[in-house]
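Undergrad: Here's a sequence, model it:
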Amino acid sequence: MTRDKTDKAILMAAFARIDVIAYAIAAGTVCALLLFSITAALLLKGPQYGMEIGRHLGLIGIYLPGYDVTWGGALLGALYTWLLGALFGYVLALLWNLTHYLYITAIVVRAAWWRMMAE
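TA: Numbering: from 1, shown residues only. Now for the predicted structure:
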């Protein structure tokens with residue numbers, strides 16, 4: 001293998017690409033499980049005497065229409081947060097791959113420039 005191919009292989013291994021779809025699914029799943037488990041924990045714990053259950057968590061319903069601290073709300077909130085988390089994960093993985101691609105391109109161009117100048 002030539003030196004150029006070896007250098008490129010090392011760079012590609014060091015800056016491996018993220019699978020965008022897999023990262024989006026994973027981020028959405030983590031977000032959905034987080035909101036569902038928080039809501040479920042409050043429902044299983046039950047309200048304190050004379051208090052409303054999940055008064056503060058229920059305010060998420062302002063941003064997620066239909067969400068409230070019930071079992072149905074937990075499922076609906078999990079769906080909403082899965083979609084938002086998947087969208088965020090998709091964008092994050094795309095930006096990650098783009099920045100690494102640009103960085104590797106800059107390194108390769110700079111190396112070629114210095115090699116050309118040395119000759």
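Undergrad: residues contacting the residue nearest the centre of the chain?
TA: In the chain, the residue lying closest to the centroid (CA atoms, centre = their mean) is residue 89, at 3.0 Å. Residues in contact with residue 89 (CB atoms under 8 Å, 6 or more residues apart in numbering) are 23, 24, 25, 26, 27, 28. C-beta here means a position set from N, CA and C on the backbone, and glycine is covered the same way.
Undergrad: Same question for residue 74.
TA: Going by CB under 8 Å, 6+ apart, residue 74 touches 35, 36, 39, 40, 43.
Undergrad: Need the buried ones from those selected in ChimeraX.
TA: Here is the ChimeraX command that selects the buried residues among the contacts of residue 74 (16 or more other CB atoms under 10 Å):
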select :35,36,39,43
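Undergrad: Take the contacts of residue 74 and keep only those in helices.
TA: Among the contacts of residue 74, the members found in helices (DSSP state H) are 35, 36, 39, 40, 43.
Undergrad: can you redo these as a markdown table with pLDDT and distance to residue 78?
TA: Output for those, formatted as a markdown table (pLDDT from 0 to 100; distance: CB to CB, whole Å):
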| residue | pLDDT | distance to residue 78 |
| --- | --- | --- |
| 35 | 96 | 6 |
| 36 | 97 | 4 |
| 39 | 94 | 8 |
| 40 | 95 | 10 |
| 43 | 92 | 13 |
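Undergrad: so residue 55, which of the three states?
TA: Per DSSP: H, G, I helix; E, B strand; the rest coil, the secondary structure class of residue 55 is coil.
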